[in-house]
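Visitor: 3D model of this:
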Amino acid sequence: MTRNDLKIVFFGTPDFAVESLRALVEGGYNVVSVVTAPDKPAGRGRSLQMSAVKEYALQQGLPVLQPVRLKDEEFVEQLRSLDAQLFIVIAFRMLPEVVWTMPELGTFNLHGSLLPRYRGAAPINWAVINGETQTGVTTFFLKHEIDTGDIIDTRAIEIGPDEDAGSVYDRLMHIGAELTLKTVEAIINGTLTTTPQAAVDGIEPCGAPKIFKDTCRIDWNRPAQEIHNHIRGLSPYPTAWTTLHADGQEQGTLKIFATRLTDEPASEPGRIRPQLRTHAGGLRRQGSGNNKPASTRQTAHAHSRLPARLPSDRYEIKRLNKTANNENPTDNHTDNALNPPISARTGDCGYYKRFRTNNRM
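Guide: As a prediction, this is how the structure comes out:
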């Protein structure tokens, strides 16, 4: 079998998937169709916006399918008519059995973790939130239970102590494309082997559930390291948040994109001290106690006070957005924290512009 002999249907939506699709197209593989999410209204004008995968597919002249319902008979018949031997799924919705069992050589998925760790919708976020020092990508064949299929191959990377989820996302996007090509080549050459996830030594299964609004709220009573991990694991999207109080009243919400740990002594918990102005003109929030503090810089008045006491930690907010009292700091939930709705604000962070869909990883 050659690259041209193998007919591939590619399923994906955000930029994370585009990188692998680009690698397939530029590598001369026979992608006969692309399946992606329907166009969605975005922006103030609510004009329809296509997914990143669709944009790239149209540029390359690839046929595009955009089913609303994946079990729709017309869509299923369209897939059958393509007579593809392999389906590849990256950052897309869960496929019904009638779809993923269709191709002769199976359907494989590129997942943003080292399975069986972090099965679920938000693997990259949860790896950073939990303070992992290593993660990676996995290709595996689909089966009934989500993210439990036999492993084809993996690639691992180290996570830096201050690295955020957006940075990890970008790196996994590129090595994921490399792993996708390696997996396809193994299928073409007949050298592919698989490993049941239960047979993977030294890795305990764990989940990576959807990110909800309450998940993103900062608990200032947690140790500094845990809050630092929580914030970077939700940056740039959907973003950790807290509320700002002044004169006994709630003034709004703060989205916090980055923090740094310090060894500076902590003072009164929860108060912004005007004399500790940072080089960027922001203010530091104080904590107290013997634990290693974290510091934050925030653009707020010197008398402003956050609602929760911070008995042992200090934070310095590097970047934030402040929203009005009647605005939610994030959506009620997302299927993948790195795939926000296409109408999400760009704010201070350029990553927002690239994470433009609400499908799972």
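
Visitor: from now on I want contacts and neighbour counts done on CA atoms only, so please keep to that.
Guide: Fine.

Visitor: domain-wise, how is the protein divided?
Guide: As given by automatic domain parsing, the domain ranges for the chain are 7-199, 211-334.

Visitor: deepest of the ones you listed, which one?
Guide: Sort those by mean neighbour count, taking mean count of other Cα atoms under 10 Å, and domain 211-334 sits at the top with a mean of 20.

Visitor: give the contact list for residue 226.
Guide: Applying Cα atoms under 8 Å, 6 or more residues apart in numbering, we find residue 226 in contact with 129-131.

Visitor: and residue 1, which of the domains of the chain is closest to it?
Guide: Checking the domains of the chain against residue 1 by Cα to Cα gives domain 7-199 as the closest, at 5.8 Å.

Visitor: still on that earlier bit, mind putting the contacts of residue 226 into JSON lines with secondary structure, distance to residue 62 and pLDDT?
Guide: Below are those laid out as JSON lines (DSSP: H, G, I helix; E, B strand; the rest coil; distance: Cα to Cα, whole Å; pLDDT from 0 to 100):
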{"residue": "129", "secondary structure": "helix", "distance to residue 62": "38", "pLDDT": "98"}
{"residue": "130", "secondary structure": "coil", "distance to residue 62": "40", "pLDDT": "98"}
{"residue": "131", "secondary structure": "coil", "distance to residue 62": "40", "pLDDT": "98"}
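
Visitor: need the domains of the chain in a markdown table with distance to residue 1, can you?
Guide: Shown next, in a markdown table, are these (distance: least, Cα to Cα, whole Å):
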| stretch | distance to residue 1 |
| --- | --- |
| domain 7-199 | 6 |
| domain 211-334 | 40 |
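
Visitor: mean pLDDT for those: which is lowest?
Guide: Looking at these, the lowest mean pLDDT belongs to domain 211-334 (a mean of 61).

Visitor: now residue 237. Its backbone dihedrals?
Guide: Phi and psi for residue 237, reported as degrees, to the nearest 10, are phi -140, psi 140.

Visitor: surely residue 155 is in a strand?
Guide: Yes. Using DSSP: H, G, I helix; E, B strand; the rest coil, the assignment for residue 155 is a strand.

Visitor: my read: it touches residue 137, true?
Guide: Yes. Using Cα atoms under 8 Å, residue 155 is in contact with residue 137, at 5.4 Å.

Visitor: ok so, going back, and of the domains of the chain, who's closest to residue 205?
Guide: That would be domain 7-199 among those, by Cα to Cα, at 4.7 Å.

Visitor: ok now that closest one, how far from the chain's centre?
Guide: Chain-centre distance of domain 7-199: 13 Å, with Cα atoms, centre = their mean, to the nearest Å.

Visitor: likewise stretch 232-245?
Guide: Distance, centroid of stretch 232-245 to centroid of chain: 14 Å (Cα atoms, centre = their mean).

Visitor: do stretch 230-250 as well
Guide: On Cα atoms, centre = their mean, the centre of stretch 230-250 falls 19 Å from that of its chain.

Visitor: how long is that stretch end to end?
Guide: Start-to-end span of stretch 230-250 (Cα to Cα, to the nearest Å) is 23 Å.

Visitor: ok, now which ones touch residue 239?
Guide: With the criterion set at Cα under 8 Å, 6+ apart, residue 239 makes contact with 216, 231, 255-257, 330.

Visitor: so which of those residues sit within strands?
Guide: Among the contacts of residue 239, the ones falling in strands (DSSP state E) are 255-256.

Visitor: now, the most widely separated pair of the contacts of residue 239?
Guide: 231 and 330 (13.7 Å).

Visitor: let me see the ranges of the helices in the stretch 51-200 of the chain.
Guide: Counting by DSSP state H, counting those that start in this stretch, one finds helices in the stretch 51-200 of the chain at the ranges 52-59, 73-82, 97-100, 123-129, 165-189.

Visitor: those helices: which one's closest to residue 27?
Guide: helix 165-189 (8.4 Å).

Visitor: ok, so of the contacts of residue 239, who is nearest residue 50?
Guide: Among these, residue 330 lies closest to residue 50 (Cα to Cα), at 22.0 Å.

Visitor: which residue is the nearest non-sequential neighbour of residue 2?
Guide: residue 188 (6.7 Å; Cα to Cα, 6 or more residues apart in numbering).

Visitor: residues in contact with the one you found?
Guide: 1-3, 6.

Visitor: highest neighbour count among the residues you listed?
Guide: The most neighbours of any of these, using other Cα atoms under 10 Å, belong to residue 6, which has 19 neighbours.

Visitor: so what pLDDT did that residue get?
Guide: Note for residue 6: predicted pLDDT of 98.

Visitor: brilliant, that's me finished.
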